[in-house]
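Colleague: Quick one: sequence and predicted model below, then my questions.
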Amino acid sequence: MKKIVLLGITLAILVVTAGIVMASNGNGKGMARVMADTTSKIDKLTFKLRGCEIVHELSDATALKCPANIVSKLKVREDPVLHVMDMGANAQINADDVWALGYTGNGVTVAVLDTGIDTDHPELISSIAGGKGFSYAGYEDDHGHGTHVSGIITADGVGGTPLGFAKGAAPDAMVWMAKVCDASGSCYTTDIAAAIEYVVKGPDGIIGNGDEPAKIISISLGGGGTSRANCDTDYLAQKVNWAVDNGVTVAAAAGNTSGTVSSPGCASKAIAVGAVDKSDVRASWSGTGLALDIMAPGVSIYSTLPGNTYASWSGTSMATPHISATAALLRQVNPALTDAQIKDALYKTAKDLGATGWDKKYGWGRVDALSAVNYVKPPEPECTIDGDCNDGLYCNGAETCVSGVCKPGTLVDCSALSNQCNNGVCDEATDSCVAQPKADGTACDDGLYCNTGETCQVGVCTGGLARVCDDAKTCTTDSCSEEKDMCEYLWPTCGILDSCCGPECSSANDVDCPSAVLCWNGNNQYLYRNNGQASKFCKCASDTYGYKSYNYTLSRKTVFYYVDSKDNENWGVSSRSSNLPVYQVTCTDNKAYPTNIDYTYPK
């Protein structure tokens, strides 16, 4: 059975132990830690009947301790064991400049999966949010690795030795410790998987209920390794990817074996962290490959150890918490950041090292906490009160401060000075509204009906000509009435011998008016259906030759028709029998004239 190792302790070498590993704690000798890819209650009962003990009931597997002599007969596989991979670093990544902006990780918790934590260390005692042992009674550190990693994240910087003091990159962040490794630095895969599930689901076992201990996981552990782009077929890598899919950011050590990236850091959705020294030179032992994402200080990192002590350790284990702490700083800036947004900020702002852009020795480069924070930090407010926004312009009105942004004021309204010949405009030079004349020659109206064609001249409506009133009739007297706003056409008085017959005159009171003749006899009743006949009928009925439509009946009748249907005053008619006789004609005056009444001409 493989063991995952802690990635650290000076220049700690990655250790991978092959085969089924005998349990060093639990039920004593002869028991082996294994895992079964089943969650079936029947399968679990079968394992118990064969002498196995259930260690963890995972969402997709079951961790067991079984008698070593029957393991080969069971449908189980090894429970891989990882091991631990073992402060100018704060200044190196510009974390101290981030503190100056007021971001120290306050309000953010990082879940550390490691050997535990010294709960009494003065640097850490104020920053422990809690924890849980996975196959262990508690989460007190009996190794030192977990305390060292935690100090890199959140040590308060209140103590130290002649060598200096320890202060975490996110000193006000909280640490939630998942003890998944024993005193020798060995860590079973299923213990780590159980811890990941607990962080994602919380104590109630339900994702999204708000009791999850953290949204950031820091894993300074590793085992195996790959030079490929990912190791997503690995069980623990799959568990890490699942955690990220459920809203958790996972930073994991790239491992201390150059040429590969260890698991679970090689998971496609993990942030795989390599180590550089204080000069940003990659440590010769730091993991490399296509799965590498980013670098952080990991050589001679001074931090906390159990028993109120301190020491400088090296390893990608020491680099990883710098990334976890920077993620905590980012989440303080904006708690709503997604994992993708955190990665985007980390990778795009990293100090490029090695080949330009991403490369398999340095990833995207060495983390720059200040640049990452500035990348996600909202811009400084442009204003706090309306008075901050005065642009000194009269015509722009009074500017206002809205949510930290200056908004333009309402433009001064000068429309009261606008008319036909002037535009009301705001004059910045005089801080007032003025009338600006329109172009000379602009058409206007001076309000006089009998004056026409006026134009604007220097802002005044002027000029124009007298309106010409002419109805083209020789008998009328034409004039323009200003009082009535109209042209008047006056006919002479009826009864005067002047060859004029006005509309009020007739043959009865004016000898100049011809006698009216019967142009259609209502006894005729029906008109012959024909366009010319309808037009001639309209000249008789409405004094206008032409029609719009006519109505007829669906029968055969005796109809009458004008002998001469042209536009003249010959009203002679004849009759005949015809289908579809017309009984009403609508003339061009839009009036309907029935054919069964008398009409005379002229009107």
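Modeller: Now that the structure is in, tell me what you want to look at. Numbering: from 1, shown residues only.

Colleague: rest of the way, CA atoms for contacts and neighbours
Modeller: Noted.

Colleague: Which residue, neighbours along the chain excluded, lies closest to S432?
Modeller: Counting by CA to CA, 6 or more residues apart in numbering, S432 lies nearest to C426, which is 5.9 Å off, once chain neighbours are set aside.

Colleague: For that neighbour, grab the count of nearby residues.
Modeller: Other residues within reach of C426 by the criterion other CA atoms under 10 Å amount to 21.

Colleague: And for I42?
Modeller: Each residue near I42 was counted by other CA under 10 Å, and the total is 10.

Colleague: Check which element follows the one helix or strand it maps to along the chain.
Modeller: In this assignment (DSSP states H and E), I42 forms part of helix 41-49. On the C-terminal side of helix 41-49, the closest following helix or strand by DSSP H and E is strand 53-57.

Colleague: Enumerate the positions of that following strand that are buried.
Modeller: E53, I54, V55, H56 (16 or more other CA atoms under 10 Å).

Colleague: Name all residues that make contact with A311.
Modeller: Under the criterion of CA atoms under 8 Å, 6 or more residues apart in numbering, the contact list for A311 reads I301, Y302, S303, T304, L305.

Colleague: how near is G298 to N423?
Modeller: For G298, the distance to N423 (CA to CA, to the nearest Å) stands at 73 Å.

Colleague: ok, these two, which is more surrounded?
Modeller: More neighbours surround G298 than the other of G298 and N423, with 33 against 18 (other CA under 10 Å).

Colleague: Please, where are all the strands along the stretch 101-250 of the chain?
Modeller: If you assign secondary structure with DSSP state E, counting those that start in this stretch, the strands in the stretch 101-250 of the chain sit at 109-114, 128-133, 156-161, 164-167, 174-179, 186-188, 216-219, 221-226, 249-253.

Colleague: Would you mind finding the most buried of those?
Modeller: Burial of those is given as mean neighbour count (mean count of other CA atoms under 10 Å); strand 249-253 ranks first at a mean of 32.

Colleague: if we look at it, which residues are touching it?
Modeller: Applying CA under 8 Å, 6+ apart, the external contacts of strand 249-253 come out as 7, 85, 215-222, 240, 243-244, 262, 264-265, 269-274, 316-317, 319-321, 323-324, 339.

Colleague: helix or strand right after it?
Modeller: Scanning forward in sequence from strand 249-253, with DSSP H and E defining helices and strands, the next element found is strand 261-263.

Colleague: now what about that following strand, what contacts it?
Modeller: By CA under 8 Å, 6+ apart, the residues outside strand 261-263 that reach it are 222-227, 231, 234, 236-237, 253-255, 272, 287-289, 291-292.

Colleague: Check which helices and strands the helix or strand just after it sits against.
Modeller: Under the assignment DSSP H and E, the closest C-terminal helix or strand after strand 261-263 is strand 271-276. Contact analysis of strand 271-276 by 3 or more CA pairs under 8 Å, 6 or more residues apart in numbering; DSSP states H and E lists strand 249-253, strand 294-297, helix 316-333 as its packing neighbours.

Colleague: Alpha carbons of strand 271-276, in PDB - could you do that?
Modeller: The C-alpha atoms that make up strand 271-276 are tabulated as PDB, following Å, rounded to 0.1, in the frame of the first residue of the first chain:
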ATOM      1  CA  ILE A 271      -3.100  24.700  -7.700                       C
ATOM      2  CA  ALA A 272       0.200  22.800  -7.800                       C
ATOM      3  CA  VAL A 273       2.800  24.800  -6.000                       C
ATOM      4  CA  GLY A 274       6.600  24.600  -6.500                       C
ATOM      5  CA  ALA A 275       9.400  26.200  -4.400                       C
ATOM      6  CA  VAL A 276      11.900  29.000  -5.100                       C
END
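
Colleague: Just want the angle from that strand to strand 249-253.
Modeller: When axes from the mean of the first three to the mean of the last three CA atoms, to 10 degrees is applied, the directions of strand 271-276 and strand 249-253 differ by 40 degrees.

Colleague: how close does E382 get to T38?
Modeller: Using CA to CA, one obtains 59 Å as the distance from E382 to T38.

Colleague: Tell me which of the two has more neighbours.
Modeller: Shown here are E382 and T38; by other CA under 10 Å, T38 has more neighbours (18 against 14).

Colleague: so what pLDDT did L497 get?
Modeller: The pLDDT attached to L497 in the predicted structure is 89.

Colleague: would S549 count as being in a strand?
Modeller: Yes: counting by DSSP: H, G, I helix; E, B strand; the rest coil, one finds S549 located in a strand.
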